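Participant: Next come a sequence and a model predicted from it.
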Amino acid sequence: MEQDYSKVDAILASYRGKKGILIPMLQEVQNEMGYLSRDCMKYVAKAMQIPAAEIFGVATFYSMFRLKQQGKHIVRVCKGTACHVSDADGIKSALVEALKLPKDENTTEDMMFTLMEVACLGCCSLAPVIMIDDMTFGKLVPEAIPAILDKFRF
Amino acid sequence: MSEITVKVGLASCGIAAGAMDVYRTLEEHLATSPKPVKLLRTACIGMCFEEPVVEFNGSALGQMHIGKADSESIIKILDDYIAGNPPETNIILAEKMHGRHNELLANQQRIVLRNCGVIDPKSLLDYEALGGYTALRKALAMERDEIIAVVKNSGLRGRGGAGFSTGLKWSFAAQAVSDKKFVVCNADEGDPGAFMDRSALEGDPHNVIEGMIIGAYAMGADEGYIYCRAEYPMAIEHLKIAIEAAEAKGYLGKNIMGTSYSFEMHIKEGAGAFVCGEETALMQSIEGKRGMPTIRPPFPAESGLWGKPTNINNVETWANIAWIIINGADAFKAFGTEKSPGTKVFALAGKIAGSGLIEVPMGIPIRDIIYKVGGGMKTEKPFKAVQMGGPSGGCIPASLLDTIVDYDSITATGAIMGSGGMVVMDTGTCMVDVARFFLNFTQNESCGKCTFCRIGTKRMLEILTRITEGKGKLEDIDTLQELADNIIKGSLCGLGQTAPNPVLTTLRYFKDEYLAHIVDKRCPAGVCIPLLTYSIDPEKCIGCTACARKCPVSCISGTVKHAHEIDQSQCIKCGACQKACKFDAVTKA
């Protein structure tokens, strides 16, 4: 099926002719589409006259860009120093277990959750911390994880 | 009676601790039962360990801060406060009586954070009421050279970590001849365990913006960028609001404050790459490219953004400028040491009682930061090390706690001042594991341009992982040392040149711990799972069978009411038995 890129067109139009646009433009396209598919990147390349290799290069360099379809909710486990010394690994194991993630996958089968690691959320005094969408949860223990996830299962 | 004000700290860490619920409860309460009370918002006062924090003002009790506030009790506290009865609750700071933390603040000196947790960061009026933008007015009436001379004389050094003289850096960009110049604020705070810039931007965005306008004017730049991590949505939101307000008031944009000077400011959101904190990589990223560092020279002051002269400073550096212009270089030099004047903001985290954001005069001993300002250790476990400078820094051991905080003394320990992250570790932290943690980070974040950084960090990580799994060899220590030396020599940018520091400092101060892992196959801190042994103390075990029922591999044997035993050859070291035991009979060593 041919993908509908009309909303992407509108985004691209607002960037045409400006300098230093590639990263914010791709961020906005990603927000619209959920992720940057290969097709989508090729479409942007053609429409904006930017080599596809350059777009792919930028999209793979920065961790904010997602090349695969994501779950409805993004769960970020903070792996910062303060969280690391406060058992962030235990929190991550609890998340993997509660989400029943298949091996080597970070998105649940029902496409509800995607689990990611983040270098530091900057809430170190609340370590260990996770962020679900834009909500931060701190001072966690592994036992608290299932109840937190349940709030997002809708 | 003067009006009573109630201020709720609504920075990211406050909200994560539940401050929004407290705010909404107060808002609803005041809407239904009107009282002579004004409800206000502010950002972070720095006592993150007491969040949510609410400040009361205006009754006979004077100013009072309540910590760990919750929506159940906040209305009663408010009524008590209005009536002049000290609330029976967690009073953390109090003007007229004893607050538990009054002495913690007494050891601080606030320049950068002077307005944080005091003003509403979304209100330009609040900032102006405390002298905001008077520094800009003063600077616009000064000669450009004069401004640079003041900054130079103040001795301010770059707060991003390297500590280069800010005034000198400005003079390079000022001398560059070009039709176009840029100034940039580096807010790509990527060090894990650091949140100084986040708090400064969330709590007092105008202070950073004012510093940038002054700097841009002095250097003759007409366009500026703030490059901020996308992981800091509130900082970005507050910056956007502040820029709009400053434009509307004529502090930014065309003909600033009626002069012929014009300056335009933009925000660029980072996209998640630690290396973009390096100035040349940051500029590549602003231009929309992969954030890979470039060779210096040319330095940004000659050829930076789009090939034009550019001056980059860190958030905290910019945040010092307005204060210095108003109070003068000598007032700034009154704080700190001869070679490192002023103050430094630190983010205290880890196993410390008072985690949060502090600002102290340079020259203070690390011991005072931890035990006086930070309130000591969080638990009974003793202090082991403090990690400074994040992945580029190192671990400072207990024997060096009297080291004073200035660029040169910290560098002498093998760590670096860095941007200000201080992660405190106790005896429950394994130093080999910490070194592995940082190497894992830098190895992930290496942009891949330089071979030594790309492959060298990978080999170091493999060796460290092997050691934490009990498969280390004695010669690994020499190999680590050799790889470290080569990575330092063979890398282009700060990321690679400093990546081995966490390993080098732990090898220097905690070699015993490496040897325990390698020779005795033991992790003294009890962190490295493959090296742990779980056993049951027959004296304490009452034979309740709880552990045997929980063991996922059924390797615990024993009968009811008799001591149980773990079959070490089958044990997967998951720790389930220790959690299940109610009699502390399962030990980990």
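Facilitator: On my side now, so go ahead.
Participant: Could you list the domains of chain A?
Facilitator: Structurally, chain A divides into domains by automatic domain parsing as follows: A:6-61, A:73-150.
Participant: Am I right that B:Val345 sits in a strand?
Facilitator: Yes - under DSSP: H, G, I helix; E, B strand; the rest coil, B:Val345 sits within a strand.
Participant: how far away is it from chain A?
Facilitator: 13 Å (C-beta to the nearest C-beta, to the nearest Å). C-beta: built from backbone N, CA, C; applies to glycine.
Participant: hmm, which helix or strand of chain B has the shakiest average pLDDT?
Facilitator: Within chain B, no helix or strand scores below helix B:102-106, which has a mean of 80 by mean pLDDT, DSSP states H and E.
Participant: can you pull the buried residues of it?
Facilitator: B:104-105 (16 or more other C-beta atoms under 10 Å in any protein chain shown).
Participant: roughly how far is whichever helix or strand comes after it from the heart of the chain?
Facilitator: The helix or strand immediately downstream of helix B:102-106 is helix B:124-129, counting by DSSP states H and E. Centroid separation between helix B:124-129 and its chain, computed with C-alpha atoms, centre = their mean, to the nearest Å, is 26 Å.
Participant: now the helix or strand just after helix B:124-129: mean pLDDT?
Facilitator: Per DSSP H and E, the first helix or strand lying C-terminal to helix B:124-129 is helix B:134-140. Helix B:134-140 shows a mean pLDDT of 98.
Participant: Check which helices and strands helix B:134-140 is in contact with.
Facilitator: On a contact count with 3 or more C-beta pairs under 8 Å, 6 or more residues apart in numbering or on different chains; DSSP states H and E, helix B:134-140 meets helix B:205-219, helix B:315-327.
Participant: tilt between the longest one and helix B:315-327?
Facilitator: Between the axes of helix B:205-219 and helix B:315-327, defined by axes from the mean of the first three to the mean of the last three C-alpha atoms, to 10 degrees, the angle is 70 degrees.
Participant: Let me see the domain layout of chain B.
Facilitator: B:4-106, B:124-332, B:343-426, B:431-518, B:533-588.
Participant: Could you point out which of the ones you listed sits nearest A:Glu143?
Facilitator: A:Glu143 lies closest to domain B:533-588 among the domains of chain B, at 9.6 Å (C-beta to C-beta).
Participant: How about that closest one and chain A, touching?
Facilitator: No - counting by C-beta under 8 Å from any C-beta of the partner chain, no contacts exist between domain B:533-588 and chain A, the nearest distance being 9.2 Å.
Participant: Start and end of that domain, how far apart?
Facilitator: Terminal residues of domain B:533-588 are spaced 6 Å apart (C-alpha to C-alpha, to the nearest Å).
Participant: That one: how far from the chain's middle?
Facilitator: That offset, for domain B:533-588, works out to 41 Å (C-alpha atoms, centre = their mean).
Participant: The residue in chain A sticking out farthest from the centre: which element?
Facilitator: The centre of chain A is farthest from one residue, A:Gly17, which by C-alpha atoms, centre = their mean lies 28.4 Å away. Element membership of A:Gly17 [criterion: DSSP H and E] is none; it lies in no helix or strand.
Participant: Need phi/psi at it.
Facilitator: phi 80, psi 0 (degrees, to the nearest 10).
Participant: try A:Phe113
Facilitator: phi -130, psi 140.
Participant: what do you get for B:Met422?
Facilitator: phi -130, psi 110.
Participant: in stretch B:517-525, what counts as buried?
Facilitator: Under the neighbour-count criterion of 16+ other C-beta under 10 Å, stretch B:517-525 has B:517-518, B:522-525 buried.
Participant: Nearest approach to chain A belongs to which of the helices and strands packed on helix B:134-140?
Facilitator: Nearest to chain A among the helices and strands packed on helix B:134-140 is helix B:315-327 (12.4 Å), distances taken as C-beta to the nearest C-beta.
Participant: who's in contact with the next helix or strand after the closest one?
Facilitator: Sequence-wise, the next helix or strand downstream of helix B:315-327 (DSSP H and E) is helix B:329-333. Helix B:329-333 has contacts (C-beta atoms under 8 Å, 6 or more residues apart in numbering or on different chains) with B:111, B:150-151, B:153-156, B:320, B:323-324, B:341-342.
Participant: Write out the residues of chain A neighbouring chain B.
Facilitator: Counting by C-beta under 8 Å from any C-beta, chain A sits next to chain B at A:19-24, A:27, A:54, A:57-58, A:61-65, A:79-86, A:118-127, A:129, A:134, A:136-138.
Participant: Distance-wise, check the residue nearest to the spatial centre of chain B relative to B:Arg229.
Facilitator: Nearest residue to the geometric centre of chain B (C-alpha atoms, centre = their mean): B:Ala194, 2.2 Å. As judged by C-beta to C-beta, to the nearest Å, B:Ala194 and B:Arg229 stand 11 Å apart.
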